[in-house]
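> predicted model and sequence follow; I will ask about them next.
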Amino acid sequence: MTLVQLEYIIAVDTYRSFVAAAEKCFVTQPTLSMQIQKLEESLGVKIFDRSRQPVVPTEVGEKIIEQARTVLTESKKINEILMAERGELTGDLKIGVIPTVAPYLLPNVISNFLKKYSKLKLHIWEYTTEQIIQELKLGTLDCGILSTPLHEPSLQETPLFYETFVAYVSERSNLYGKKALGSDEISEDKLWLLNEGHCMRGQVLSICNYKHNHSLEGTFDYNTGSVETLKRMVDLNGGITILPEMSILNNNEEEMQHIRYFRAPEPVREISLVTPINYVKKHAINMLKNEILQIVPERFKSRKKKEIMGFSI
C-alpha cells in the first residue's frame, strides 16, 4: 500500500470517474486503474463497483476511502512541520468564498497577503454555501469563508466578524422617509431577493419573517446572485432590498441616501473561516485569518446589540 494509491482511490471517489480522476492526478487512466487494482489485490477486496455509472465505492470501499483521507491528511502534516521549522509559507492554498462576501472582502486581503507571502499560491473559487461544504468534506478546498453557524459536525468554524444587514430603499417607497427601520416594516414593500441557494436569502427572510405580498410582485420574478443587481432593480423598479454592510463601504453620497439601518438589536450575519476538523496548512490559514481581521472595520468584531440571523441550507 502506498500514499499514491490512496490518493488515486480518493480521486475516483471524489470525481466518480476513473478518467476524471486520472486527469486530476495528472496520470494516464491505465496507470491509475492499475495502481487501484494492485491495492485491491493486496487488500483482498473490491474498493469500487465498476458495473455502475458513475462508479461508486463498495460498502467496504467507503470505509477504506474514509480512512485513506485521514491517512493522507496526517501525512501532509509532515511538510507543515518542516515549513514551520524553516519559517516558510509555500505551496497552494485553496479557498472557497460565498459570492456575497468575495467582492467586498477579498481584493484588499489578497493584495496584502501576496505581498507578504509571495511563495504561496492562492486558488479562490466563489461557491454557494452548499458547494463549499461539499468541497471541504471532499478535501478539494483547504478552507472556506462563509456565513455560519452551519451545524456541520465534521467542520470547524472560526468566527471572523459580524456584518450588519442594511436596507437599500427606493425613493418611491414609504420607508424612504424613515431614519431607521424595524424588521416588521419590510413586508410593507416589494422585497428584492437573491436566488434560492444563497444563504443570505434565508437570512434576509429571517430578519422579518417575510411573506411575499403578491400584489407587490409585478408581472415578473427576477432571479439574481448579485448584490449589485439588487440595488439597480430597486433604483429602476422601486421597492427595497437588504444588503451586507461591507457592500456599501465605498458607496458615494447619493447611494448612501438610500441606506437605512435597523433598530437594535441589529440583524447581522456571522462570517467565519471554516475548515475540516482535521485539517492541514494551519499556518497558511492562520495567516489568512490575520489578514482578514486587519481589513475589516473594528465595529464588525463585536456582537454587542446584534442578532445573528440563521438560515437553512
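Perfect, thanks for sending it. Numbers count the residues shown, from 1 in each chain.
> and for I9, the neighbour number?
Burial of I9 is recorded as 23 neighbouring residues (other C-beta atoms under 10 Å). C-beta coordinates here come from the backbone N, C-alpha and C atoms, glycine included.
> average pLDDT for the biggest strand by length in the chain?
Longest strand in the chain by number of residues, with DSSP state E as the criterion: strand 155-169. For strand 155-169, mean pLDDT is 95.
> pull up the pairing partners for it, direction included.
Sheet pairing for strand 155-169, assigned by DSSP bridges, gives strand 240-244 (antiparallel), strand 259-262 (antiparallel), strand 266-276 (antiparallel).
> most tightly surrounded among the ones you listed?
Neighbour counts (mean count of other C-beta atoms under 10 Å) averaged over each of the strands paired with strand 155-169 peak at strand 240-244, with a mean of 25.
> quick one on the thing from earlier: with only the CA atoms kept, save the longest strand of the chain in PDB.
What follows is strand 155-169, C-alpha atoms only, in PDB (Å, rounded to 0.1, in the frame of the first residue of the first chain):
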ATOM      1  CA  LEU A 155     -16.300  21.100  10.100                       C
ATOM      2  CA  GLN A 156     -14.600  23.600  12.400                       C
ATOM      3  CA  GLU A 157     -15.900  27.300  12.400                       C
ATOM      4  CA  THR A 158     -13.700  30.200  13.500                       C
ATOM      5  CA  PRO A 159     -15.800  33.400  13.600                       C
ATOM      6  CA  LEU A 160     -14.100  36.400  12.000                       C
ATOM      7  CA  PHE A 161     -16.600  39.200  12.200                       C
ATOM      8  CA  TYR A 162     -20.300  40.100  12.400                       C
ATOM      9  CA  GLU A 163     -21.600  42.000   9.400                       C
ATOM     10  CA  THR A 164     -24.700  44.200   9.800                       C
ATOM     11  CA  PHE A 165     -27.500  44.000   7.300                       C
ATOM     12  CA  VAL A 166     -28.900  47.300   6.000                       C
ATOM     13  CA  ALA A 167     -31.800  48.200   3.800                       C
ATOM     14  CA  TYR A 168     -31.500  49.900   0.400                       C
ATOM     15  CA  VAL A 169     -34.800  51.700  -0.100                       C
END
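> picking that back up, out of the strands paired with strand 155-169, which gets nearest to V19?
strand 266-276 (26.9 Å; C-beta to C-beta).
> circling back to that earlier point, so what does the helix or strand following the longest strand of the chain touch, helix or strand wise?
In the C-terminal direction, the helix or strand that comes right after strand 155-169 (DSSP states H and E) is strand 180-181. Contacts defined by 3 or more C-beta pairs under 8 Å, 6 or more residues apart in numbering; DSSP states H and E place strand 180-181 against strand 259-262.
> who touches the strand it packs on?
164-169, 175, 178-183, 207, 243, 248, 251 (C-beta atoms under 8 Å, 6 or more residues apart in numbering).
> which ChimeraX command selects the buried ones in the residues you listed?
Those of those that count as buried under 16 or more other C-beta atoms under 10 Å are selected in ChimeraX with:
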select :164,165,166,167,168,169,175,181,183,207,243,248
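> in TSV, list the strands paired with strand 155-169 along with distance to K63.
Formatted as TSV, those follow (distance: least, C-beta to C-beta, whole Å):
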stretch	distance to K63
strand 240-244	42
strand 259-262	49
strand 266-276	18
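> let me have those in JSON lines, extended by mean pLDDT.
Formatted as JSON lines, those follow (pLDDT from 0 to 100):
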{"stretch": "strand 240-244", "mean pLDDT": "92"}
{"stretch": "strand 259-262", "mean pLDDT": "95"}
{"stretch": "strand 266-276", "mean pLDDT": "95"}
